[in-house]
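**Student:** what's the 3D shape of this:
(one chain, ligands or ions: 1)
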Amino acid sequence: MSIFSTLPRLKAESLAHVSVQKWLEQTIKHPVDRQILASTARVFTYCSNLNLVSAEVFVKKLQLSLKHPVLYLDGGWQTLVDGLHQAALQAGVQIRSGTRVTAVCSQDDQVRGVQLSDETEVTASFVVLATGPDDAGKLVDGGAYTPLREIIDPLIPARVACLDVALRRLPEPRYPVVQDLEHPRFLSAQSVYARIAPQGGAMISTFKMLDPTQPGDPKQDEQALEELLDIVQPGWREVLVRRSFLPHIEAIGMLPTARAGGYAGRPEPEVPGIAHLYLAGDWIGAGFLSDPSMGSARQVAQQILADNRR
Ligand SMILES: Cc1cc2nc3c(=O)[nH]c(=O)nc-3n(C[C@H](O)[C@H](O)[C@H](O)COP(=O)(O)OP(=O)(O)OC[C@H]3O[C@@H](n4cnc5c(N)ncnc54)[C@H](O)[C@@H]3O)c2cc1C
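**Tutor:** I've put the predicted structure just below:
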């Protein structure tokens, strides 16, 4: 209770260089309380190695979650994608799907457009790479552009192993959200909160937070998630309609570490040395998860409008 009462007054930035683990040890004396908050921290930061993550991230996220509850979307995140797609079309955007960008074209330190996998080139006076860090790095100078490599190479992404199951019904409705105190695992029966399954059916999402410093074993991770389902939702195998396992999906392009000084260690949107080439995504600027994706996109859009006026 004392942590939650002091939380709104805490200056998260002052903990940028402190790891979550150290902050928990310094702040919370009772071992069970510490275990509960450590488990919450692993869920909030999508990382099982709390010695790595900056306490700034966790404290900021706790503060935000006290003010704004989690929202589950009817139709899942596809609803966001469809809405964005529609808004873009209405604004006159031309969308080319089914073809990848293979390279950024530049001349005299100035961006000129992009090359597509169907061999066509799209000319443009401004280019925004809204991919993860690895993909962005590969697109400039065949992956050999040193100023960008220097930004990207030290970044540590946070990855999770995900097992999603679609079921004919939810075997145990009493435990829709489960946070494992002993292992870095999380389960949420999202169909309890949003329309993402047919009437009477259920959709459960489970994930294991991985340790970026360890290689890991996908087979063991899958078994660990099945075991969590066995404990929380016994009988799930008998009503299984479909399952999907993703062994190491990137949850965040760049984990703000204590070593790099939390959010202050995040890259800026401008690519050094190539005018009018920008980066946007969850690894650019401050904030966590999709917040910085939106924030950096907005920042870049405003920058482009200002440059264009000039
Ligand atoms: C299990 C899980 C749960 C999550 N839960 C939440 C949550 O509850 N709330 C939240 O805010 N965030 C959550 N996240 C994180 C969130 O999904 C990411 O922060 C967000 O998707 C980042 O968006 P982005 O647009 O920056 O990058 P991305 O979503 O990674 O999009 C980049 C896109 O670029 C495309 N691309 C890459 N290379 C090329 C190329 N050469 N040419 C063309 N296209 C290319 C990729 O295909 C991809 O579609 C979760 C993540 C996971 C894995």
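**Student:** quick check: end-to-end length of stretch 134-144?
**Tutor:** Length of stretch 134-144, first residue to last, C-alpha to C-alpha, to the nearest Å: 12 Å.
**Student:** any residues of the stretch 101-250 of the chain in contact with the ligand? List them.
**Tutor:** By the criterion of C-beta under 6 Å from any ligand atom, the positions of the stretch 101-250 of the chain lying close to the ligand are Val101, Ala130, Thr131, Gly132, Asp135, Val160, Cys162, Phe207, Ile249. Every residue, glycine included, has its C-beta placed from N, CA and C.
**Student:** from what I can see the fourth one touches Glu250, true?
**Tutor:** Yes. Counting by C-beta atoms under 8 Å, Gly132 sits close enough to Glu250 to count as a contact (5.9 Å).
**Student:** what touches both of the two?
**Tutor:** By C-beta atoms under 8 Å, 6 or more residues apart in numbering, Gly132 and Glu250 have these common neighbours: Pro157.
**Student:** part of a helix, is His248?
**Tutor:** No. Secondary structure assignment places His248 outside any helix; it is strand (DSSP: H, G, I helix; E, B strand; the rest coil).
**Student:** picking up where we left off before, filter the residues of the stretch 101-250 of the chain next to the ligand to the buried ones?
**Tutor:** When neighbours are counted using 16 or more other C-beta atoms under 10 Å, these contain these buried positions: Val101, Ala130, Thr131, Gly132, Val160, Cys162, Phe207.
**Student:** filter the residues you listed down to the ones in helices?
**Tutor:** Secondary structure of these is defined by DSSP state H; no position falls in helices.
**Student:** three-state assignment of the nearest residue to Gly287 once chain neighbours are set aside?
**Tutor:** In space, Gly287 comes closest to Gly295 once its chain neighbours are excluded; the distance is 5.5 Å by C-beta to C-beta, 6 or more residues apart in numbering. Following three-state DSSP, the label given to Gly295 is helix.
**Student:** and Gly295, what does it touch?
**Tutor:** For Gly295, the residues meeting the contact criterion (C-beta under 8 Å, 6+ apart) are Gly285, Ala286, Gly287.
**Student:** nearest residue to the second one in space, please, no chain neighbours.
**Tutor:** Spatially, and ignoring its direct neighbours in sequence, Ala286 is nearest to Tyr263 (4.1 Å; C-beta to C-beta, 6+ apart).
**Student:** how close does the one you found get to Glu56?
**Tutor:** Separation of Tyr263 from Glu56 (C-beta to C-beta, to the nearest Å) stands at 6 Å.
**Student:** these two - which one has more neighbours?
**Tutor:** Neighbour comparison, Tyr263 and Glu56: the larger count goes to Glu56, with 26 against 20 (by other C-beta atoms under 10 Å).
**Student:** got phi/psi on the more buried one?
**Tutor:** Backbone geometry at Glu56, expressed as degrees, to the nearest 10, gives phi -60, psi -40.
**Student:** wait, what's in contact with the closest residue to it other than its chain neighbours?
**Tutor:** On the basis of C-beta to C-beta, 6+ apart, the spatially nearest residue to Glu56 that is not a chain neighbour turns out to be Gly262, at 3.6 Å. Each residue near Gly262 by C-beta under 8 Å, 6+ apart is listed here: Glu13, Leu15, Ala16, His17, Ser54, Ala55, Glu56, Val57, Pro256.
**Student:** how near is Gly262 to Gly295?
**Tutor:** Distance of Gly262 to Gly295, computed by C-beta to C-beta: 16 Å.
**Student:** same deal with Gly281?
**Tutor:** If you measure Gly281 against Gly295 using C-beta to C-beta, the figure is 10 Å.
**Student:** quick one: low-confidence parts of the stretch 1-150 of the chain?
**Tutor:** Using pLDDT under 70 as the threshold, the predicted model of the stretch 1-150 of the chain has no low-confidence range.
**Student:** rewinding a little: gap between the residue nearest to Gly287 and Gln115?
**Tutor:** With distances defined as C-beta to C-beta, the gap from Gly295 to Gln115 amounts to 28 Å.
**Student:** before we move on, the earlier item: for the residue nearest to Glu56, give me phi and psi.
**Tutor:** Summarising the backbone geometry of Gly262 under the convention degrees, to the nearest 10, its torsions are phi 60, psi -140.
**Student:** please apply the same query to Thr131.
**Tutor:** For Thr131, the backbone dihedrals are phi -110, psi -180 (criterion: degrees, to the nearest 10).
**Student:** which residue is the nearest non-sequential neighbour of it?
**Tutor:** Once flanking residues are discounted, Thr131 sits nearest to Gly281: 6.7 Å by C-beta to C-beta, 6+ apart.
**Student:** and what of Tyr175?
**Tutor:** Val232 (5.2 Å).
**Student:** doesn't Val177 make contact with that neighbour?
**Tutor:** No. Counting by C-beta under 8 Å, Val232 sits too far from Val177 to count as a contact (9.7 Å).
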